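**Student:** Starting from these lines, generate the structure:
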Amino acid sequence: MASRRIAKSAIDWVAFAERVPKNQTELFRAFKGRSDSFVTKVNRLSAEAPKINWDHYKSAVATPGLVDKLQKEYDAFKVPYPQDKDNVVGKIDQEVQEAAKQTAEFVKQCQQHIEEANGVLSKIDMVPPLEKMTDEVFADYFPDRVPNPQKPTMWPHTKNAQPENVQGVVN
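**Tutor:** Predicted structure coming up:
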């Protein structure tokens, strides 16, 4: 029975549940319940068309040959399995492959960022504790943070508060 095979293999509910945000778990449960009810309804149906008692109809119908014609057409009728005319499955597979490549590239970039962050952390671990740090040690470790004695600043010692950066002041 193809419908049972598809129903079992088409959706990986465990993997799906892992990707559902916590605030949407109730909606996910409702969705899964509806899906399970549809699968149950389909599985209740027979895989083959119901058998018809043609002898009963031949004796009940007065028009000769009508039942034979219907029986012949009924037996010849086959429901074709739907074809993927627009190659949707192929497009989805291609998108999955592209997404896998993008994910691999993203993971590679994240690993590089992690390595850079670990390098910064190792440098921070080499800095002496704040209680033991002198002004000279601070200047050695953070030269860009040390005020330039050749160019004094005004309080509050931020770039925006300095006279050369205030609008309307003529130098």
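**Student:** ok, residues contacting stretch 20-38?
**Tutor:** Outside stretch 20-38, the residues that touch it by CB atoms under 8 Å, 6 or more residues apart in numbering are 11, 13, 16-17. The way it works is simple: take the backbone N, C-alpha and C, and place the C-beta from them, glycine included.
**Student:** C-terminal to the longest helix along the chain, what's the next element?
**Tutor:** Counting residues, the longest helix found in the chain (DSSP state H) is helix 88-126. Proceeding N to C from helix 88-126, the next assigned helix or strand is helix 135-141, under DSSP states H and E.
**Student:** Return that next one as PDB; C-alpha atoms alone will do.
**Tutor:** Taking C-alpha atoms only, helix 135-141 is exported to PDB below (Å, rounded to 0.1, in the frame of the first residue of the first chain):
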ATOM      1  CA  ASP A 135      49.200  52.900  34.900                       C
ATOM      2  CA  GLU A 136      52.300  51.800  33.100                       C
ATOM      3  CA  VAL A 137      51.100  48.200  32.700                       C
ATOM      4  CA  PHE A 138      47.700  49.500  31.500                       C
ATOM      5  CA  ALA A 139      49.500  51.700  28.900                       C
ATOM      6  CA  ASP A 140      51.500  48.600  27.800                       C
ATOM      7  CA  TYR A 141      48.400  46.400  27.300                       C
END
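**Student:** averaged over its residues, what pLDDT does that helix have?
**Tutor:** Taken as a whole, helix 135-141 has a mean pLDDT of 90.
**Student:** I appreciate the help and will end here.
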